[in-house]
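J.: predicted model follows, preceded by the sequence.
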Amino acid sequence: NRAMVKIQEGCDQVCAYCIVPKVRGRERSIPQASLASLINEHVSRGCKEVVLTGTQLGSYGFDIPGESLASMLSGLLRDTAVPRLRVSSLQAQEIEGELLALWADPRLCRHFHLALQSGSDPVLSRMRRRYDAAGYLEAVGRIREAAPGASITTDIIVGFPGESDADFQQTLDLCERVGFAAVHAFPYSVRPGTSAAYLKDRVDPETKAARMKTLLKVTRRHASAYRAAIVGETRTVLWEERRARTRGEVWSGLTGDYIRVV
């Protein structure tokens with residue numbers, strides 16, 4: 001039903017907590033024609049959805065003259081017959097008009113995974129992220145204007161070195177403003193070989209655990225609210241699994257905005 005297609009490999013961003021640039025090397029893009037050929041091959045086997053994956057999707061095409069993520073997506077929509085095309089993740093600084101205009105095509109799934117990591121500007125700076133909280137909120141606003149009803153999900157790191165109670169509260173406040181459909185939250189852990197491994201002012205495990213509990217309570221409330229708001233609507237679903245139960249069969253699958261239904 002679903003296929004993962006890698007559009008690029010490597011990362012040049014060198015976030016303070018991440019070991020990926022060291023283990024996967026420099027960014028490099030796979031040509032659009034090769035991607036279209038692979039996707040059409042999946043479609044010929046009955047594939048209904050293709051998920052475009054990679055380490056740093058937003059910088060796709062920097063190493064191919066005249067190419068960009070937007071132009072590549074436009075080419076895939078033109079040159080393939082895949083019913084659903086999903087972009088796995090983006091960053092706030094990559095959300096711009098030419099790219100968002102493509103979501104007028106219903107084949108592009110209305111789901112944006114937009115990594116946040118922290119709602120505190122000082123923490124984002126120490127992480128070496130390339131946006132601030134205001135820029136992130138602007139990106140969310142652009143998404144909601146261009147693709148009304150789209151789900152927005154994110155990643156958040158709790159307890160990055162130097163994160164104060166005030167920093168964490170700013171993360172909670174930003175979550176309240178956005179209302180994410182889902183959040184992947186992780187307590188910070190040291191990765192040898194990253195620059196963050198040398199940072200002082202570590203957050204103690206008890207504080208990280210308490211902050212995780214608070215964050216999960218907030219984000220689960222928002223996730224429930226997003227789902228409650230679409231009750232009664234009709235959505236297309238990519239059915240993935242059939243399970244036998246005492247009262248009959250139960251199917252499970254995902255909508256285009258990445259909501260699991262049964």
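T.: Yep, it's here. Numbers count the residues shown, from 1 in each chain.

J.: same for the host helix or strand of Ala70, what does it pack against?
T.: Using DSSP states H and E, Ala70 maps to helix 69-79. When contacts are defined as 3 or more Cβ pairs under 8 Å, 6 or more residues apart in numbering; DSSP states H and E, helix 69-79 sits against helix 32-44, strand 84-87, helix 97-100. Every C-beta, even on glycine, is put in place using the N, C-alpha and C of the backbone.

J.: may I have the helix-or-strand element of the chain with minimal mean pLDDT as PDB, with CA atoms only?
T.: Lowest by mean pLDDT, DSSP states H and E among the helices and strands of the chain is helix 20-24, with a mean of 73. Extracted in PDB, the C-alpha atoms of helix 20-24 (Å, rounded to 0.1, in the frame of the first residue of the first chain):
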ATOM      1  CA  VAL A  20      23.700  12.500  11.500                       C
ATOM      2  CA  PRO A  21      26.100  14.800   9.600                       C
ATOM      3  CA  LYS A  22      29.000  12.700  10.900                       C
ATOM      4  CA  VAL A  23      27.600   9.300  10.100                       C
ATOM      5  CA  ARG A  24      25.700  10.100   6.800                       C
END
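
J.: now what about that helix, what contacts it?
T.: 9-14, 55, 193 (Cβ atoms under 8 Å, 6 or more residues apart in numbering).

J.: dump these to TSV, plus neighbour count and pLDDT.
T.: TSV is the format used below for the contacts of helix 20-24 (neighbours: other Cβ atoms under 10 Å; pLDDT from 0 to 100):
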residue	neighbour count	pLDDT
Glu9	17	88
Gly10	18	82
Cys11	20	80
Asp12	12	78
Gln13	16	79
Val14	12	79
Thr55	19	87
Gly193	11	87
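
J.: just those residues now: which is nearest Val203?
T.: Using Cβ to Cβ, Gly193 comes nearest to Val203 of these, at 20.4 Å.

J.: what ranges does this protein have for its helices?
T.: Along the chain, the stretches classed as helices by DSSP state H are 20-24, 32-44, 69-79, 97-100, 121-127, 133-146, 165-178, 205-229.

J.: starting at the chain centroid, how far to the least confident helix or strand of the chain?
T.: Distance, stretch centre to chain centre, for helix 20-24: 19 Å (Cα atoms, centre = their mean, to the nearest Å).

J.: just to revisit the earlier point, mind listing residues that contact the helix holding Ala70?
T.: Residues contacting helix 69-79 (Cβ under 8 Å, 6+ apart): 7, 32, 35-36, 39-40, 52, 57-61, 82, 85, 87, 94, 98-99, 102, 105, 107-108.

J.: closest to Gly256 among the contacts of helix 20-24?
T.: Thr55 (23.9 Å).

J.: OK, contacts around Ser117?
T.: One correction, residue 117 is Gln, not Ser. Counted by Cβ under 8 Å, 6+ apart, Gln117 has contacts 123-124, 127, 129, 155-157, 160.

J.: low-confidence ranges in this structure?
T.: 21 (pLDDT under 70).

J.: grab the nearest non-local neighbour of the residue sitting nearest the centre point of it.
T.: For the chain, the residue nearest the mean C-alpha position is His113 (2.2 Å; Cα atoms, centre = their mean). Computed as Cβ to Cβ, 6 or more residues apart in numbering, the closest residue to His113 that is not its neighbour in sequence is Ser89, at 4.3 Å.

J.: what's the local residue count around that neighbour?
T.: 19 (other Cβ atoms under 10 Å).

J.: and it, how far is that from Leu57?
T.: 6 Å (Cβ to Cβ, to the nearest Å).

J.: again, but for Val218
T.: Separation of Val218 from Leu57 (Cβ to Cβ) stands at 28 Å.

J.: if you count what's nearby, which of those two comes out ahead?
T.: Using other Cβ under 10 Å as the criterion, Val218 and Leu57 rank with Leu57 on top: 22 against 18.

J.: which residues does the more buried one contact?
T.: 7-8, 69, 87-90, 94 are the contacts of Leu57 under Cβ under 8 Å, 6+ apart.

J.: just the buried residues of the contacts of Gln117.
T.: Neighbour counting by 16 or more other Cβ atoms under 10 Å classes 123-124, 127, 129, 156-157, 160 among these as buried.

J.: appreciated, that's everything.
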